[in-house]
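[1] missing the sequence, but the structure's below:
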Ligand SMILES: Nc1ncnc2c1ncn2[C@@H]1O[C@H](COP(=O)(O)OP(=O)(O)OP(=O)(O)O)[C@@H](O)[C@H]1O
């Protein structure tokens, strides 16, 4: 379960202050799929970074399964992410000197898993990249790199997946495949899914759609507002 309690985030650039989130509170039950929509610059990426503990709010708290992230030090946060959270960033953060396979296997190797390569191969296959496993990120297209990043985020079976535009660089067919994979994990493994997307078909398949606007989060669907 994710709880946001009175979160406030602003960035100060010289004289200018950008208020990104103003007093945002929200509960996302474990296993829910949530799409976050909103105009460019409304703070969607910042919100994901807060959920991952990669950004600290000026006020308020983020709790993952009852654990307040602000009470954890850097190492404890890194452990929590490694064990429980998968993150797909907009800029994929792949390691350029490792092949696709080694990029995906790395989180498992760090956790001492012997099946790292077998599992990594399986996830590369699931995102349609079996034939590209020995390629380096520089030899892959943007969409292929995105799929490697998705495989890497999923390979350790996270309880929570945070994804920033996971289908943003993909053609319709590949995008549909990634969509299916994420929703399947959500439904079958109970992975909580929080994704930022401009893809309204994807959003429509999520259990809940939130819209970020002017520092506030609103339920985009009437029925979600009643259920919340
Ligand atoms: N590190 C930073 N320093 C200063 N301002 C920042 C920083 N990161 C983001 N911002 C500003 O905060 C606001 C929210 O940015 P964010 O990237 O979260 O928006 P977004 O909704 O994800 O946008 P997009 O849909 O274009 O990716 C923007 O106005 C952005 O310029």
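    Arrived safely, thanks for sending. Bear in mind that the values here come from a model prediction, so they are computed numbers and not experimental data.
[2] now the helices for the chain?
    Using DSSP state H, the helices found in the chain span residues 44-51, 74-84, 100-110, 116-126, 142-154, 172-184, 200-205, 222-227.
[3] now for the nearest residue to residue 149 once chain neighbours are set aside: which residues touch it?
    Distances taken as CB to CB, 6 or more residues apart in numbering put residue 92 closest to residue 149, at 3.9 Å, once the chain neighbours are dropped. For every residue, glycine as well, the C-beta is placed using N, CA and C. Applying CB atoms under 8 Å, 6 or more residues apart in numbering, we find residue 92 in contact with 137, 145-146, 148-149.
[4] can you tell me which of the residues you listed is closest to the ligand?
    For those, the residue nearest the ligand by CB to the nearest ligand atom is residue 146; the value is 14.7 Å.
[5] average model confidence for stretch 143-151?
    Stretch 143-151 carries an average pLDDT of 93.
[6] thinking again about what came up before, and the helices of the chain: which comes nearest the ligand?
    The stretch from the helices of the chain with the least distance to the ligand (CB to the nearest ligand atom) is helix 44-51; that distance is 3.3 Å.
[7] run through the bridge partners of the spatially most central residue of the chain.
    The centroid of the chain falls nearest to residue 162 when counting by CA atoms, centre = their mean (1.5 Å). Listed by DSSP bridges, the beta-bridge partners for residue 162 are residue 87, residue 194.
[8] look up how far the ligand lies from it.
    With distances taken as CB to the nearest ligand atom, to the nearest Å, residue 162 is found 12 Å from the ligand.
[9] could you pick out the residues of this structure near the ligand for me?
    By CB under 6 Å from any ligand atom, the part of the chain that sits against the ligand consists of 11, 13, 18, 20, 38, 40-46.
[10] widest-spaced pair of these?
    Farthest apart among the residues of the chain next to the ligand by CB to CB are 13 and 38. That separation is 20.7 Å.
[11] any idea how many residues pack against the residue nearest to residue 128 when sequence neighbours are not counted?
    Setting aside the residues directly before and after it, residue 128 is nearest to residue 177 in space (CB to CB, 6+ apart), at 6.0 Å. A total of 17 residues lie near residue 177 under the criterion other CB atoms under 10 Å.
[12] where in the chain is pLDDT low?
    The chain contains residues with pLDDT under 70 at 222-228.
[13] cutoff 50 now
    Under the criterion pLDDT under 50, no range of the chain is flagged.
[14] any idea how far residue 29 lies from the ligand?
    Counting by CB to the nearest ligand atom - residue 29 and the ligand are separated by 24 Å.
[15] surely that residue touches residue 1?
    Yes: proximity of residue 29 to residue 1 meets the contact threshold set by CB atoms under 8 Å, at 5.6 Å.
[16] which of these two has more residues huddled nearby?
    Comparing residue 29 with residue 1 by neighbour count (other CB under 10 Å), the higher total belongs to residue 1, at 15 against 12.
[17] quick check: the gap between that one and the ligand.
    Taking CB to the nearest ligand atom as the measure, residue 1 falls 23 Å from the ligand.
[18] can you pull the contacts of the spatially closest residue to that residue that is not a sequence neighbour?
    When the adjacent residues along the chain are set aside, residue 1 lies closest to residue 30, with 5.0 Å between them (CB to CB, 6+ apart). Neighbour list for residue 30: 1, 65, 159, 190, 192 [criterion: CB under 8 Å, 6+ apart].
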